[in-house]
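Asker: Attaching a predicted model along with its sequence, questions to come.
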Amino acid sequence: MQVYKEEDFFSGPEGLEAVLLWRERSTSLALFKVGESNIGPGAVYEWSVADRDRIGIIDLLNKLNPHSIRIVTAGPGFSLMPHEMATDSGSTEWHQHLPGDSQKGILVSDKKSSPAVSVSFEMAPGDFEFLASLRNDQKVEHLAGVLLENMEKVDFVSLWSKIVLYFVDNQMFAVAVKHGKPVLVNTYSYQVPADALYYLLWIKKELFADEAEVPIFANGLIKTGSNLHNTLKNYIAPLHFGTSLRKKSNDLDKDFPAHTFSLLRQMA
């Protein structure tokens, strides 16, 4: 529903810029004249979570056809990461060479206000149907929780460059941080562990070729002695199963002796 609109805002030849704030319980759409995002929106729409699945967010965007749309998510564990990728590099050409199902280039905000996770990315005009696929994916919610939990740990946050992996249901979630800034967030579907290994080696080559060692933290459903476990252990170094540099006992893991778990139990 429309909650605010300046008089004659939609008249005139100027194009529109849109910012969509996608929360867990509501969605807001703010519209600006091109180049005037610093002086406030000219129109604002808002929908509750109960009606946004059947409302006209997409219809409205198709009607107004803004020049660009910036999507921001906010909430404890809410994310738009499935099958998307994020990078803060200036060029996005190398996205096209990424193995797997990478569909959108997105930029992860490094302005984290715990306990919220914020992800923002630009979308090209006419691609608004993609919005229909945005949802609160439970697996990604857990991944976001793991990252938040670990960013508070002294031994983890002190690592300016690292790769965090999360495996479940033949999906590998990968988050790479270089010099303290997120440079990659992506999910990759794989059939055999060798595929996941290839993808991981590709990340190291493309993003960390100038660094001697990048610690890698593997989390999720990794059965001890499995092909996935052995493949990672035999070909990746330095590799840590779990999310800490220090080996420690975790009472929460005792319920699952056959798997290596991260702090996911604390997030459930």
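Answerer: Now that the structure is in, tell me what you want to look at. Keep in mind the model is a prediction, meaning the values are calculated, not measured.
Asker: Now the strand or helix carrying Lys205: buried residues?
Answerer: Per DSSP states H and E, Lys205 falls inside helix 193-207. For helix 193-207, a neighbour-count test (16 or more other Cβ atoms under 10 Å) marks 193, 195-197, 199-200, 203, 207 as buried. Placement of C-beta: from N, CA and C, glycine included.
Asker: and which of these is nearest Thr224?
Answerer: Nearest to Thr224, judged by Cβ to Cβ, of the buried residues of helix 193-207 is Pro193 at 14.0 Å.
Asker: Lys205 and Glu213: what is the separation?
Answerer: Distance of Lys205 to Glu213, computed by Cβ to Cβ, to the nearest Å: 14 Å.
Asker: same thing with Lys63?
Answerer: Plainly put, Lys63 is 53 Å away from Glu213 if you go by Cβ to Cβ.
Asker: Same question for Gly15.
Answerer: For Gly15, the distance to Glu213 (Cβ to Cβ) stands at 48 Å.
Asker: quick one, which of those two is more surrounded?
Answerer: Taking other Cβ atoms under 10 Å, Gly15 and Glu213 do not tie; Gly15 has more neighbours (15 against 9).
Asker: circling back to that earlier point, what's the closest of the buried residues of helix 193-207 to Ala43?
Answerer: Using Cβ to Cβ, the buried residues of helix 193-207 come closest to Ala43 at Leu207, 39.9 Å.
Asker: What pLDDT is listed against the closest one?
Answerer: In this model, Leu207 is scored at 83, pLDDT.
Asker: For Leu29, which non-adjacent residue is closest in space?
Answerer: Once flanking residues are discounted, Leu29 sits nearest to Tyr45: 4.4 Å by Cβ to Cβ, 6 or more residues apart in numbering.
Asker: who does the one you found bridge with?
Answerer: Tyr45 has these beta-bridge partners by DSSP bridges: Gln2, Leu29.
Asker: Give the burial count for it, as a bare number.
Answerer: 21.
Asker: got the CA coordinates for the helix or strand where Leu232 lies in CSV?
Answerer: Per DSSP H and E: Leu232 is located in helix 227-235. Taking Å, rounded to 0.1, in the frame of the first residue of the first chain, the C-alpha atoms of helix 227-235 are listed here in CSV:
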residue,chain,number,x,y,z
ASN,A,227,34.5,-39.1,0.6
LEU,A,228,33.8,-35.4,1.2
HIS,A,229,35.7,-35.3,4.5
ASN,A,230,38.7,-37.2,3.0
THR,A,231,38.8,-35.1,-0.2
LEU,A,232,38.9,-31.8,1.7
LYS,A,233,41.4,-33.1,4.3
ASN,A,234,43.8,-34.5,1.6
TYR,A,235,43.8,-31.6,-0.8
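Asker: Start the count at 58 instead of 1 going forward.
Answerer: All right, first residue 58 from here; so that's helix 284-292.
Asker: quick one: buried residues of that helix?
Answerer: 285-286, 288-289.
Asker: next one: stretch 83-95
Answerer: In terms of neighbour count (16+ other Cβ under 10 Å), stretch 83-95 has its buried residues at 84-90.
Asker: ok, and what's touching it?
Answerer: Contacting residues not belonging to stretch 83-95 are listed as 66, 69, 71-78, 97-106, 109, 114, 117-118, 121, 123-124 [Cβ atoms under 8 Å, 6 or more residues apart in numbering].
Asker: Alright, calling it a day.
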